[in-house]
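Trainee: Pasting the sequence and the predicted coordinates here, then a few questions.
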Amino acid sequence: MTTIQILYSYIKEHNILSGILIFDILSLILFPITPFMLFAPGDIDIIFGAIIGILWAIYQRKKWQKIWKIVVLVGILGGLLSTISITTIALILFQGTPNFQESLLIFSINLFIYELLSLTIGSMIGIIAHFKQHNKKIDLRKPKL
């Protein structure tokens, strides 16, 4: 097996960790590129990263893993990691000499907004995946005999 196949099998095996890293890396790459924002700088990037990261973790899950556990872990930890990386990049790019108190205030505001967004996105995706999973088990087209 090549190195890429080994890496891909490792990423599929550790779906929660890879979902968190996809969440963070995607939102970090998109942050300097995207000029749009809703509530705070980087929130569109967090939304896009959360959707892709959580969907990856859910679709690569094992049979014994619960959807809600995956959604909560990827949402909280991915949001925290993305908050740290995006706030660091924002402070370096947009503020010449960051003051510690201002940096802490910006970090706490971003943490609140980003965690709220990532948990909301994760909850919506988790609800959809949960109902989609239960609809597969119940087939209403077949008559019961």
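Mentor: Done, it's in.

Trainee: In terms of helices and strands, where is Ala25?
Mentor: For residue 25 the amino acid is Ile, not Ala. Taking DSSP states H and E as the definition, Ile25 sits inside helix 15-30.

Trainee: how far does that helix sit from the chain's center?
Mentor: Averaging C-alpha positions (Cα atoms, centre = their mean, to the nearest Å) puts helix 15-30 6 Å from its chain's average.

Trainee: Kindly export it (C-alpha atoms) in CSV.
Mentor: Below are the C-alpha coordinates for helix 15-30, written out as CSV (Å, rounded to 0.1, in the frame of the first residue of the first chain):
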residue,chain,number,x,y,z
ASN,A,15,-13.4,9.8,12.0
ILE,A,16,-13.9,12.1,15.0
LEU,A,17,-10.3,13.4,15.0
SER,A,18,-10.3,13.8,11.2
GLY,A,19,-13.6,15.6,11.4
ILE,A,20,-12.2,18.1,13.9
LEU,A,21,-9.1,18.6,11.8
ILE,A,22,-11.1,19.1,8.6
PHE,A,23,-13.3,21.6,10.4
ASP,A,24,-10.3,23.6,11.6
ILE,A,25,-8.1,23.4,8.5
LEU,A,26,-11.0,24.3,6.1
SER,A,27,-12.1,27.3,8.2
LEU,A,28,-8.5,28.4,8.6
ILE,A,29,-7.8,28.2,4.8
LEU,A,30,-11.0,30.0,4.0
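
Trainee: Now do it: which elements does it pack against?
Mentor: helix 43-59, helix 67-94 (3 or more Cβ pairs under 8 Å, 6 or more residues apart in numbering; DSSP states H and E). From N, CA and C alone the C-beta is placed, and that goes for glycine too.

Trainee: Which SSE is immediately downstream of the last one?
Mentor: The C-terminal neighbour of helix 67-94 among helices and strands, as given by DSSP H and E, is helix 100-137.

Trainee: Could you point out which residue ranges in this protein have low pLDDT?
Mentor: Scanning the chain for pLDDT under 70 picks out 1, 95-98, 135-145.

Trainee: returning to what we had before: just name the most buried of the helices and strands packed on helix 15-30.
Mentor: Comparing those by mean neighbour count (mean count of other Cβ atoms under 10 Å), helix 43-59 ranks first with a mean of 22.
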